[in-house]
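# Provided below are the primary sequence and the corresponding predicted coordinates.
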Amino acid sequence: MLGGMFSATMILSVFNLTKSSSTGALVVAIVVSLFVAMAACGLINATIEKVAYRPLRGAPRLAPLITAIGMSFILQDVAIAWKGPSYIAIPQVLPTGHVFSIAGVVYTWEKFIVVLITVPVLVALIWLVQRTRQGKAMRATAQDRDAAAMMGINVNRTISFTFLIAGALAGAGGLLYALYFGQVRYDTGFPAWPDRVHGRGTRRDRQPAGGGVGGRFVSGSFRRSMRASPGIRRGATGRSQSCSRS
């Protein structure tokens with residue numbers, strides 16, 4: 001939500017992009033907006049961790065859950081005070097032509113930009129987690145916090161860095177949302193917080209970042225190709241109407 005608002009501010013107020021903007025101006029604006037949104041959201045998330053979550057490190061599991069709900073409402077109020085309760089419209093600045101088609105799924109530029117930004121960010125994340133010293137500390141802390149502390153890992157700093165990375169990724173997601181849907185509001189992404197909270201309790205069952213994104217991509221492409229098939233019509237309930245009822 002805040003990532004989308006930072007991106008909208010950069011696109012509308014700083015770069016003043018329009019449909020007639022040149023390709024060079026568009027690329028510069030997207031890259032700069034991406035870094036600004038990631039940096040701002042990362043710092044905000046790290047600050048929230050230090051102020052709200054760190055004092056509850058040894059508290060029962062219900063306390064961080066309630067804190068997460070409260071911080072979500074606080075961020076919404078900040079967004080309303082900053083941009084108001086209405087949608088922020090972002091002009092269609094991306095090209096409108098088709099890029100390519102896979103299994104009947106046509107990729108236009110507003111869809112392809114998601115791949116162009118997601119792939120480098122995902123590769124950087126995998127390299128960070130798997131190949132760097134800080135990434136090893138993150139994995140050790142996630143597996144056993146007490147054992148990691150005994151091995152000399154600064155657990156508080158590692159958790160703060162994880163929150164920083166998570167906020168930066170949320171900022172990148174806000175930019176993609178703003179470019180794809182062309183609008184953003186104070187409650188954008190808020191219904192997804194139960195998934196984030198649920199993910200906190202499944203440390204050992206978490207899938208790798210690459211596997212998660214790849215699975216989502218395959219699943220989404222399959223559903224889109226099924227919808228594009230002429231023999232399948234989807235009704236209001238989401239079920240295929242080509243199947244006969246028993």
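Thanks, I have the structure now.

# CA atoms for contacts and neighbours, from now on please.
Noted.

# In the helix or strand in which residue 71 is found, which residues are buried?
If you go by DSSP states H and E, residue 71 is part of helix 62-83. Under the neighbour-count criterion of 16 or more other CA atoms under 10 Å, helix 62-83 has 64, 65, 68, 75, 76, 79 buried.

# would JSON lines of those with distance to residue 121 be doable?
JSON lines is the format used below for the buried residues of helix 62-83 (distance: CA to CA, whole Å):
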{"residue": "64", "distance to residue 121": "28"}
{"residue": "65", "distance to residue 121": "28"}
{"residue": "68", "distance to residue 121": "25"}
{"residue": "75", "distance to residue 121": "25"}
{"residue": "76", "distance to residue 121": "26"}
{"residue": "79", "distance to residue 121": "26"}
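
# Give me the distance between the residue lying closest to residue 100 once chain neighbours are set aside and residue 29.
Of all residues not flanking residue 100 in the chain, residue 107 sits nearest, at 5.5 Å (CA to CA, 6 or more residues apart in numbering). In this view, residue 107 and residue 29 are 22 Å apart by CA to CA, to the nearest Å.

# show me where the protein has strands.
Taking DSSP state E, the strands of the chain run over residues 88-89, 98-102, 105-108, 183-184.

# Contacts for the last one next, please.
Contact with strand 183-184 is made by 1, 4, 5, 8, 87, 88, 89, 90, 177, 178, as judged by CA atoms under 8 Å, 6 or more residues apart in numbering.

# Same check on the first one?
Counting contacts by CA under 8 Å, 6+ apart, the residues outside strand 88-89 that touch it are 8, 182, 183, 184, 185.

# again, only using 6 Å
Residues from elsewhere that reach strand 88-89 (CA atoms under 6 Å, 6 or more residues apart in numbering): 182, 183, 184.

# likewise the third one?
For strand 105-108, the external contacting residues (CA under 6 Å, 6+ apart) are 97, 98, 99, 100, 101, 225.
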